[in-house]
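**Q** Everything below, folded, please.
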Amino acid sequence: MRLSLRDWAPATGSARRPLVLLHGLAGHAGEWDGLARLLHADGHRVVAVDQRGHGASERHPADTSRAAYVADVVAVLDRLGLEQPLLVGQSYGGHAALLTAAAHGSRLAGAVLVEAGPGGAPPRTLDEIGGWLRAWPVPFPTREAAVAYLGGGPVGEGWADGLEERDGGLWPRFDPEVLIASLAENAGRAWWEEWQAIDVPLLSVVGQDGIIEAAEYDEMARLRPGLQGVCVPGTGHDLHLERPDVLHRLVSGFLAELAQDGTGVAERPCVRVDSNS
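**A** The predicted structure is shown next:
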């Protein structure tokens, strides 16, 4: 099993807490470059992982279970000797961070879940996401075409950075069928038992127009009264690409609170604004 990562090593002698960053489904480690540069400038070691099936990591892993993704996180900690890191994960990477915190909380200082939660996805989600991934008009003839198709702006740029050039065009660095298989466990089941097993500090960061509905967040907060939650106005599911500066401020504040007493200042997420209002 081959895993590729970006390791932002700090200055020699830095004792600041390391961070491990986990991208979402169909993403890549480079999505975190904006946040990683800011955290690295603060003196942290930052490791961004291409998760299995993505980027420069193993393209066709034999095991696509959620347990395998968790095992990869632990393997990175072991191989690099990272002690008590903070995990930061977005979307499916946030779900991997959640499950890692549930199963291996003693290895972590805490976790930041960006647009991720324990609520299950309805079975139709598998078909919807699979259809979307299979429908990409690849190869993209130019980077500009890829950026436009993938959302434009910083979101499109971030997704386009994950493409590879070959055979006269730009191609995704994943096999859609592998990613669809990776989603199978989430179709039709939730992870509330794992959520309740977490005993490390958590920060939930959601986009105003993201995928974490108010009902799911309310249940997350009910089951974990100490949960910290922040909604970032004017952002969506890819808020880590849209506003890495804001995410840096939130993560830095969370790290400061962890250094003091292991708790933080709780904020309720803002109410999502309806797109028609």
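**Q** Could I get the full set of strands for this protein?
**A** All strands of the chain, identified by DSSP state E, fall at 4-8, 19-22, 46-50, 86-90, 110-114, 163-166, 169-172, 202-207, 228-232.
**Q** where along the stretch 101-250 of the chain do the helices fall?
**A** Assignment of helices within the stretch 101-250 of the chain using DSSP state H, counting those that start in this stretch yields the ranges 124-134, 143-149, 153-160, 176-183, 192-197, 214-223, 239-242, 244-260.
**Q** Can you measure across stretch 55-74, start residue to end residue?
**A** Looking at stretch 55-74, the gap from its leading to its trailing residue is 19 Å under the measure Cα to Cα, to the nearest Å.
**Q** tell me which residues in it are buried?
**A** Along stretch 55-74, the positions that meet the burial threshold by neighbour count (16 or more other Cβ atoms under 10 Å) are 55, 57-58, 61, 64, 66, 68-73. The C-beta positions use only the backbone N, C-alpha and C, and glycine is treated the same way.
**Q** Stretch 21-39 too?
**A** So stretch 21-39, judged by 16+ other Cβ under 10 Å, has buried residues 21-36, 38-39.
**Q** circling back to that earlier point, the helices of the stretch 101-250 of the chain: which one's closest to Ala9?
**A** Counting by Cβ to Cβ, Ala9 lies closest to helix 244-260 out of those; the figure is 17.8 Å.
**Q** closest to Val138 among the buried residues of stretch 55-74?
**A** Comparing the buried residues of stretch 55-74 against Val138 with Cβ to Cβ places Gly55 closest, at 16.0 Å.
**Q** Now do the phi/psi pair for that closest one.
**A** Main-chain dihedrals, Gly55, degrees, to the nearest 10: phi 60, psi -130.
**Q** Which residues are in contact with the residue nearest the centre of the chain?
**A** Note on the chain: the residue nearest the mean C-alpha position is Gln90, at 2.0 Å, using Cα atoms, centre = their mean. Residues in contact with Gln90 (Cβ atoms under 8 Å, 6 or more residues apart in numbering) are 22-24, 27, 31, 114-116, 238, 240.
**Q** who does the nearest residue to Leu80 once chain neighbours are set aside bridge with?
**A** Of all residues not flanking Leu80 in the chain, Val47 sits nearest, at 6.4 Å (Cβ to Cβ, 6 or more residues apart in numbering). For Val47, the beta-bridge partners are Asp7, Val20 (DSSP bridges).
**Q** List the residues that contact Val47.
**A** Residues near Val47 by Cβ under 8 Å, 6+ apart: 5-8, 18-21, 76, 80, 82, 85.
**Q** Closest to Phe254 out of the residues you listed?
**A** Nearest to Phe254 among the contacts of Val47, counting by Cβ to Cβ, is Leu19 at 10.6 Å.
**Q** so what's Arg189 scoring on pLDDT?
**A** You'll see Arg189 listed with a pLDDT of 89.
**Q** If you could redo that for Thr125, that was the one I meant.
**A** In this prediction, Thr125 carries a pLDDT score of 86.
**Q** what's it in contact with, if anything?
**A** Contact criterion Cβ under 8 Å, 6+ apart gives 183, 186-187 as the residues in contact with Thr125.
**Q** Where does pLDDT dip in the chain?
**A** Residue ranges of the chain with pLDDT under 70: 13, 261-277.
**Q** let's see it at 80
**A** With pLDDT under 80 as the threshold, the chain has low-confidence stretches at 11-15, 188, 261-277.
**Q** Give me the outermost residue of it relative to its centroid.
**A** Taking Cα atoms, centre = their mean, the residue of the chain most remote from its mean C-alpha position is Gly168, at 30.8 Å.
**Q** Just list the residues touching it, thanks.
**A** Gly168 sits in contact with Pro139, where contact means Cβ under 8 Å, 6+ apart.
**Q** residues in contact with the nearest residue to Leu163 once chain neighbours are set aside?
**A** Spatially, and ignoring its direct neighbours in sequence, Leu163 is nearest to Leu170 (4.2 Å; Cβ to Cβ, 6+ apart). With Cβ under 8 Å, 6+ apart as the criterion, the residues that contact Leu170 are 138-143, 146, 160, 163-164.
**Q** and the gap between Leu170 and Ala145?
**A** The span separating Leu170 from Ala145 equals 8 Å under the rule Cβ to Cβ, to the nearest Å.
**Q** And for Val200?
**A** Summarising the geometry, the distance separating Val200 from Ala145, computed by Cβ to Cβ, is 43 Å.
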